[in-house]
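Colleague: Build me a model:
(2 chains)
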Amino acid sequence: MNEFLLIAGMAVATMASRIPLLVWLSKRNLPAGWFRALRYVPPAVLAAIILPAVLIVDGKLTFAVSNAPLAAGIVTALVGWRSRSLLLTILVGMAALFIWRAIFNF
Amino acid sequence: MRWFARAVDVDIGTLSALTVECKRCGRRVAVDGRLPKPGIRCPGCGFTFRISPNSRRASSGLVAAPAGEKTSAPPAWPSRVVELKRHPREEPSPGPPPVEKRPQSTGKAASNRSQAAWLTDESFVVAAKNFEEAKTETNRHWYLLGSELAMYVNWQLVTWIGIAAGQQIDDPQSWGLDFAMVVTFIGMLLPMIKDRPTLAAALVAGGAALLAHGLPNQLGLLLAALAGIGAGVLAERRWPAVVQG
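Modeller: Numbers count the residues shown, from 1 in each chain, chains lettered A, B, ... in the order given. Alright, predicted model coming up:
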């Protein structure tokens, strides 16, 4: 029962944080300067999620060769940059992670 | 009150040989060379419009076509969208301008509410890319909703498979499947970096996130995003942003 309450609570929290702004903005136009700034939200947020995820291991900045996420992340970035195909990037990235971990065995 | 225009095949830097057609009175105004500072004045209805090159809003009020082209048919080649804004000081005396009727006003608020509920990072990127390439011109909110629902149904389905299959595996955490999210985000981030300001935003946000990763409640992510946005806006002053329409 508690799980359902938790899920319902999170649903309410999600809606409450997303709906008001979306509905409010659908009725008006933002100043052009805002649009310019909002352009940088997706790259900034994605980079802010990705870099700690590949570089921080157990709370520490880690550039070691045994850091499989870092190695896989580099391979992913190269493939994504060259191929421009999201599906191929995901598949190669995960394969790189598994292979790297198999090599360094951890 | 703002007007939007579709400028066809125009380099915003030079903006030469452009005709702006006023949808209200149908008159064409030729713009040559540099844009006039106060804006373009429509001889028909007396409004002054200003072009701001950074907007990527859909066209609705004014239509611009290359000078000399007599047909008002939509162009077949890729076009850029520029914004024509009514100059605030040139308020015309004869009555208020006609209110642009929203083509999809019915049900839009309702669909916005449902969109908010299903919105994921992935749908956002798919929809934003579609809108940017101007593949969907009208009823874009339904495109977004379609993308969201497809992703959501898929998510539910795969979650059920995960619940069933996860119990067959000893330690699913050790597989590192959660890295798929990072891999997906890398694949989504790369096409977004198309000029120096977006690169600056990503680098600064990533660096700030590394510095601030110890902060509680994902505060570091928030600060890093703000730093990245600031970096992008500042970088725009030095390097021009690539604006796609």
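
Colleague: Around the residue of chain A found nearest chain B, how many other residues sit close by?
Modeller: Nearest to chain B, among the residues of chain A, is residue A:44, at 2.6 Å (CB to the nearest CB). C-beta coordinates here come from the backbone N, C-alpha and C atoms, glycine included. Per other CB atoms under 10 Å in any protein chain shown, the neighbour tally for residue A:44 reads 32.

Colleague: Tell me the buried residues in the longest helix along chain A?
Modeller: Longest helix in chain A, counting residues (DSSP state H): helix A:2-25. Going by neighbour count (16 or more other CB atoms under 10 Å in any protein chain shown), the buried part of helix A:2-25 is A:18-19, A:22-23.

Colleague: Tell me which helix or strand comes right after it.
Modeller: Moving toward the C-terminus from helix A:2-25, the next helix or strand (DSSP states H and E) is helix A:32-38.

Colleague: is that following helix up against chain B anywhere?
Modeller: Yes - shown here: helix A:32-38 in contact with chain B (CB under 8 Å from any CB of the partner chain) through A:32, A:35-38.

Colleague: following that helix, which helix or strand shows up next?
Modeller: Helix A:32-38 is succeeded, C-terminally, by helix A:41-55 (DSSP H and E).

Colleague: got a pLDDT number for residue A:26?
Modeller: If you check residue A:26, the pLDDT there is 76.

Colleague: how close does it get to residue B:140?
Modeller: Computed as CB to CB, to the nearest Å, the residue A:26 to residue B:140 distance reads 11 Å.

Colleague: cool, and residue B:159?
Modeller: 28 Å.

Colleague: Equivalent analysis for residue B:196, please.
Modeller: 29 Å.

Colleague: picking up where we left off before, show me which of residue B:159 and residue B:140 is the more surrounded one.
Modeller: Taking neighbours as other CB under 10 Å, residue B:159 and residue B:140 compare with residue B:140 leading, 15 against 11.

Colleague: ok, the more buried one touching residue B:131?
Modeller: Yes - counting by CB atoms under 8 Å, residue B:131 is a contact partner of residue B:140 at 5.9 Å.

Colleague: Grab the nearest non-local neighbour of residue A:49.
Modeller: residue B:185 (5.8 Å; CB to CB, 6 or more residues apart in numbering or on different chains).

Colleague: just checking, that neighbour touches residue A:48?
Modeller: No - using CB under 8 Å as the test, residue B:185 is too far from residue A:48 to be in contact (10.1 Å).

Colleague: which residues does the residue of chain B at minimum distance from chain A contact?
Modeller: Among the residues of chain B, residue B:228 lies closest to chain A, at 2.6 Å counting by CB to the nearest CB. Residues near residue B:228 by CB atoms under 8 Å, 6 or more residues apart in numbering or on different chains: A:40, A:43-45, A:47-48, B:201-202, B:204-206, B:208.
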